[in-house]
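Colleague: using only what follows, build the 3D model:
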Amino acid sequence: MRTFKKMMHQHRDRVFTFALYYLGQYEEAEDVTQEVFVRLWKYGDRVEAGKLEHWLITVTRNACFDALRRRKVYQAHVTSTDLSERDFAELADDADSPEQLTENSDFQEKLEHALAKIDDPYRSILILREIQDYKYEQIGDALDLPLNTVKAYLHRGRKMLREQLKCVWEDEKHI
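Modeller: I've put the predicted structure just below:
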């Protein structure tokens, strides 16, 4: 028997991380995470155990879409002030030195900025594969896409991300 508390504990970090990378704003990601788990509380008993992860990804992604709609105007450019260095440090792996923390924070900021410029489904696929380490089949199931489409979109998404990161690094050099 699955308990809500166990399911929440097991999946909250993935839900929050997806929302944070998708939305680029810490507070909105917290709100989305809370909204997803309220839905899990209400409807979790209707979700098959084997389909829970797929359900959570779908609900999280839809909640992110709703959050973007609530902003009224989609911001194609997420500013670096949306996430403080403290927020990035919490997301970064355990760093040994302040220099490493700064480097991680700087890369995290650039990654957020680059991801914000990539449209869906590429952004969702990149987050699920490259950040959350989902398998291709899991991504296909979660987004209702055929396996070959996931692979093709991931390839294109990686190319888009490289281009966006290249632009971000070049913009920094000119400052």
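
Colleague: so residue 138 sits right up against residue 125, yeah?
Modeller: No. In this structure residue 138 lies outside contact range of residue 125 using Cβ atoms under 8 Å: 11.1 Å. For glycine as for every other residue, the C-beta is placed from the backbone atoms N, C-alpha and C.

Colleague: pLDDT weak spots in the chain?
Modeller: Within the chain, the stretches with pLDDT under 70 are 1-2, 71-105, 171-175.

Colleague: run the last query once more with 50
Modeller: In the predicted model of the chain, residues 1, 73-81, 83, 88, 93-95 satisfy pLDDT under 50.

Colleague: outline the domain layout of it.
Modeller: Using automatic domain parsing, the domain parsing of the chain gives 1-75, 98-175.

Colleague: settle it for me: which of residue 138 and residue 125 has more neighbours?
Modeller: residue 125 (28 against 17; other Cβ atoms under 10 Å).

Colleague: hey, where'd the helices end up in this protein?
Modeller: 4-23, 26-43, 52-70, 85-91, 98-116, 122-126, 136-143, 147-173 (DSSP state H).

Colleague: most packed of the ones you listed?
Modeller: Highest mean neighbour count among those (mean count of other Cβ atoms under 10 Å): helix 122-126, with a mean of 23.

Colleague: give me the distance from that helix to the chain's centre.
Modeller: 8 Å (Cα atoms, centre = their mean, to the nearest Å).

Colleague: what packs against it?
Modeller: Packed against helix 122-126, as judged by 3 or more Cβ pairs under 8 Å, 6 or more residues apart in numbering; DSSP states H and E, are the following elements: helix 136-143, helix 147-173.
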